[in-house]
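Engineer: Attaching a predicted model along with its sequence, questions to come.
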Amino acid sequence: MTLHDLFATIEARKGADPDSSWTAKLLAKGPEKCAEKFGEEAVEAIIEAIKDDKSALTSEAADVLYHLLVMLASRDVALSDVIDELARRQGVSGLAEKASRSG
């Protein structure tokens, strides 16, 4: 499965019955809840990274990616827009890119 496939599935669940799908249930709770859930999963991934548990980190990383995509979908931000932004940054020093956002 690609991130594009996963995002397409998430988008398809936007109108689904919340009782039939975890994704639909999250989306029905609104963008704030989707962001909160993403944050929880990110913290769990950080904990597993600190513990140096590759298996648990792999699992938590999958949760982080899923919940990031749900959060994006909840705010109608297309994955392709995020990919385009990454492409725009390609070849630009990370330090220079970060400095361009300071201000």
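Structural biologist: Here it is on my side, so go on.

Engineer: contacting residues for the spatially most central residue of the chain?
Structural biologist: Centroid-nearest residue in the chain, with CA atoms, centre = their mean: Leu68, separated by 1.3 Å. Leu68 makes contacts with Phe38, as judged by CB atoms under 8 Å, 6 or more residues apart in numbering. In short, each C-beta sits where N, CA and C put it, glycine included.

Engineer: What are the buried residues along the worst-scoring helix or strand of the chain on mean pLDDT?
Structural biologist: The helix or strand of the chain with the lowest confidence, counting by mean pLDDT, DSSP states H and E, is helix 94-101 at a mean of 71. Within helix 94-101, no residue counts as buried by 16 or more other CB atoms under 10 Å.

Engineer: cool, and stretch 47-55?
Structural biologist: Across stretch 47-55, burial judged by 16+ other CB under 10 Å covers Glu48.

Engineer: which other helices and strands contact the least confident helix or strand of the chain?
Structural biologist: Packing partners of helix 94-101 (3 or more CB pairs under 8 Å, 6 or more residues apart in numbering; DSSP states H and E): none among the helices and strands.

Engineer: picking up where we left off before, for the residue nearest to the centre of the chain, phi and psi?
Structural biologist: Main-chain torsions, Leu68, degrees, to the nearest 10: phi -60, psi -50.

Engineer: per-residue confidence for it?
Structural biologist: As predicted, Leu68 sits at a pLDDT of 98.

Engineer: go on, Ser102?
Structural biologist: What the model reports as pLDDT for Ser102 is 68.
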